[in-house]
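[1] All I have is the shape, not the residue letters:
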DNA sequence: TTATATTATTAGGTATACCTAATTAATGGA
DNA sequence: TCCATTAATTAGGTATACCTAATAATATAA
């Protein structure tokens, strides 16, 4: 059994690894957790003693299979709770993350599995991230940024890169959510903005930075 | 904002008060929390500084209106989560308490209210305890022990006094839950056992100790 | 009333998870 | 290569929430 704090470290290290960072340094972890590299080193020692990860200055931090399993189980709970908060309690996209940050640490035998079943075994969370199954497997989908989409084609929104309230609230205003269909009408080379059609009725222009933060698939 | 620990103290003190204990001593609190009186005194000082309670050796601990409000809000969340776990996730009576002990400390603006709405504004939790409303009010019902019920009359199960897995699992076996109707057929003076009819089809005998732990109302 | 328990309290200590400041190591550029 | 910058680490400190052991206060009983 891990503490909230230990679980957060494992989760962050797992995410940094997923992001393709080869060497996960104390500084990178401290930045992600918004704390101090000295604190991180304390914790890396502790998690090392618990055989949840291995840390070497030259190679950075690497989760053991055990540590990875804990990280995935925390991520599973986080994403399931996000689905619950959005679909059942009526929270908005930009609110579910903070609550799930707390709920992800609730421990009880088959809580995640019961929640999973109650929600109908969802495959993705409200940000379009895949939900690990009970055995830790994740479905992967060919996702890319709206920026890389082609003119004339229609895509489905599967998630966001930026999860700031500002971005999420803007999406809500545009009535863009998970599953929304977006057709690329035109790309404006001048400023790399795009003219898109949202669900066949709302034609609008979106900026480059917008297109760089919306995940879609064909 | 309070820590998990502070909330647990406030909750316990509130409950001891509800149980009619006039002088809530460090020893009584330590017993309820399964910790040390010395630790309790530390915390009483801290909660006193935060104006959540007042402690005097002669009068014991007394919650301030503020401390009481926090305690009630924790209790509200606890009981709402219990309903959720039982009704939505399919947990059993004897399991919901432990999970709710963790969930009750999750903080977020209107989480309790949204959960309350999702559950259809339940008035009682699975143990028959009233759920405080958003403004801290609790419905009270004329509840008593099955032991005090009269022969020939029919009652509705509203809760249990003993919440041990042993008792709760026995209830499950007898198919007795919240709302189950029980008719008193006969009282046996010899051992103070009772012959009851459960929901018009199951006639059985229950012991005195059983009848002392099942809460019913007319 | 006085001796004996029982409670309450204080003093001092532990583990967790942070912190700052100082030091050491590593890296990058001129 | 050497200096400067950045990163890693160590040392020592803080707050939380516990603990044990010793002492003080109170209650109970002979």
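    Right, received. Where do you want to start? Small disclaimer: the values here were computed from a predicted structure and weren't measured.
[2] from here on, contacts and neighbour counts on C-alpha atoms
    Noted.
[3] Now the element after the stretch of helix or strand residue A:184 belongs to, going C-ward?
    Secondary-structure assignment from DSSP states H and E places residue A:184 in strand A:181-188. The C-terminal neighbour of strand A:181-188 among helices and strands, as given by DSSP H and E, is strand A:193-198.
[4] quick one: buried residues of the helix or strand just after that next one?
    Where DSSP H and E defines the elements, the next helix or strand beyond strand A:193-198 is strand A:202-206. Buried residues in strand A:202-206, counted by 16 or more other C-alpha atoms under 10 Å in any protein chain shown: residue A:205.
[5] pLDDT at residue A:23, what is it?
    Confidence at residue A:23, expressed as pLDDT, is 96.
[6] coming back round to it: and the angle from the strand holding residue A:184 to strand A:202-206?
    Interaxial angle of strand A:181-188 relative to strand A:202-206 (axes from the mean of the first three to the mean of the last three C-alpha atoms, to 10 degrees): 50 degrees.
[7] Any idea how far strand A:181-188 is from the middle of the chain?
    Centroid separation for strand A:181-188 versus its chain: 25 Å, with C-alpha atoms, centre = their mean, to the nearest Å.
[8] for chain A, longest helix please?
    helix A:65-83 (DSSP state H).
[9] Can you get me a residue count around residue A:45?
    Neighbour count of residue A:45, defined by other C-alpha atoms under 10 Å in any protein chain shown: 14.
[10] nope, residue A:38 is what I meant
    For residue A:38, using other C-alpha under 10 Å, the count is 12.
[11] Now it. Nearest residue, chain neighbours left out?
    residue A:26 (8.0 Å; C-alpha to C-alpha, 6 or more residues apart in numbering or on different chains).
[12] same check, this time on residue A:115
    residue B:89 (6.2 Å).
[13] Over to the one you found: give its phi and psi.
    Backbone torsions of residue B:89, given as degrees, to the nearest 10, read phi -90, psi -10.
[14] which residues touch it?
    A:114, A:115, A:118 (C-alpha atoms under 8 Å, 6 or more residues apart in numbering or on different chains).
[15] what's the host helix or strand of the second one in contact with?
    Taking DSSP H and E as the criterion, residue A:115 maps to helix A:111-118. The list of residues contacting helix A:111-118 from outside it, by C-alpha under 8 Å, 6+ apart, reads A:76, A:77, A:80, A:81, A:122, A:134, B:88, B:89, B:90.
[16] Redo the residues you listed as TSV? Include pLDDT and distance to DNA strand D.
    Listed next are the contacts of helix A:111-118 as TSV, based on pLDDT from 0 to 100; distance: C-alpha to the nearest atom of the strand, whole Å:
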residue	pLDDT	distance to DNA strand D
A:76	98	28
A:77	98	25
A:80	98	28
A:81	98	25
A:122	93	36
A:134	95	32
B:88	97	30
B:89	97	29
B:90	93	30
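[17] who wins for most neighbours among those residues?
    residue A:80 (28 neighbours).
[18] Residue most distant from the centroid, chain A?
    Distance from the C-alpha centroid of chain A, by C-alpha atoms, centre = their mean, peaks at residue A:190 (31.5 Å).
[19] which residues does the residue most central in space within chain A contact?
    The structure's chain A has its C-alpha centroid closest to residue A:129; by C-alpha atoms, centre = their mean the separation is 5.1 Å. For residue A:129, the contacting residues are A:79, A:158, A:159, by C-alpha under 8 Å, 6+ apart.
[20] hmm, try it at 7 Å
    Each residue near residue A:129 by C-alpha atoms under 7 Å, 6 or more residues apart in numbering or on different chains is listed here: residue A:159.
[21] What of the one 3 residues further on?
    Taking C-alpha under 7 Å, 6+ apart as the criterion, residue A:132 is in contact with A:72, A:76, A:138.
[22] go again using 10 Å as the cut-off
    A:72-77, A:79-80, A:122-124, A:138-139 (C-alpha atoms under 10 Å, 6 or more residues apart in numbering or on different chains).
[23] okay, those residues in TSV with distance to chain B next?
    TSV is the format used below for these (distance: C-alpha to the nearest C-alpha, whole Å):
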residue	distance to chain B
A:72	21
A:73	17
A:74	15
A:75	18
A:76	17
A:77	13
A:79	16
A:80	13
A:122	15
A:123	19
A:124	20
A:138	23
A:139	24
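[24] burial count for residue A:10?
    26.
[25] Reduced to three states, what does it come out as?
    Using DSSP: H, G, I helix; E, B strand; the rest coil, the structure places residue A:10 in helix.
[26] rewinding a little: output the contacts of residue A:132 in TSV, with distance to residue A:5 appended to each entry.
    Formatted as TSV, the contacts of residue A:132 follow (distance: C-alpha to C-alpha, whole Å):
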residue	distance to residue A:5
A:72	15
A:73	15
A:74	12
A:75	14
A:76	17
A:77	16
A:79	18
A:80	20
A:122	27
A:123	27
A:124	25
A:138	24
A:139	27
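[27] Going by distance to DNA strand C, which of the residues you listed wins?
    residue A:74 (15.1 Å; C-alpha to the nearest atom of the strand).
[28] Any quick ChimeraX command for the buried ones out of the contacts of residue B:89?
    The ChimeraX command for the buried members of the contacts of residue B:89 (criterion: 16+ other C-alpha under 10 Å) is given here:
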select /A:114,115
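[29] Can you tell me which residues in chain A are near DNA strand C?
    Proximity of chain A to DNA strand C, by C-alpha under 7 Å from any atom of the strand, involves residues A:3-6, A:34-40, A:42-43, A:58.
[30] Can you list which of the residues you listed are found in strands?
    Of the residues of chain A next to DNA strand C, none are assigned to strands by DSSP state E.
[31] Who wins on neighbours among these?
    residue A:40 (20 neighbours).
[32] Let me see the contact set for that one.
    Residues in contact with residue A:40 (C-alpha under 10 Å, 6+ apart) are A:9, A:25, A:26, A:27, A:28, A:29, A:30, A:31, A:33, A:46.
[33] Sort out which of the residues you listed are in helices and list them.
    Per DSSP H, the subset of the contacts of residue A:40 in helices is A:9, A:26, A:27, A:28, A:29, A:30, A:31, A:33, A:46.
[34] Now a PyMOL select for only the buried ones of those residues.
    To isolate the buried members of these in PyMOL, using 16+ other C-alpha under 10 Å:
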select buried, chain A and resi 9+26+27+28+29+30
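[35] Reformat the ones in helices among the contacts of residue A:40 into a markdown table and put pLDDT next to each item.
    Output for these, formatted as a markdown table (pLDDT from 0 to 100):
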| residue | pLDDT |
| --- | --- |
| A:9 | 98 |
| A:26 | 98 |
| A:27 | 97 |
| A:28 | 97 |
| A:29 | 98 |
| A:30 | 98 |
| A:31 | 96 |
| A:33 | 97 |
| A:46 | 97 |
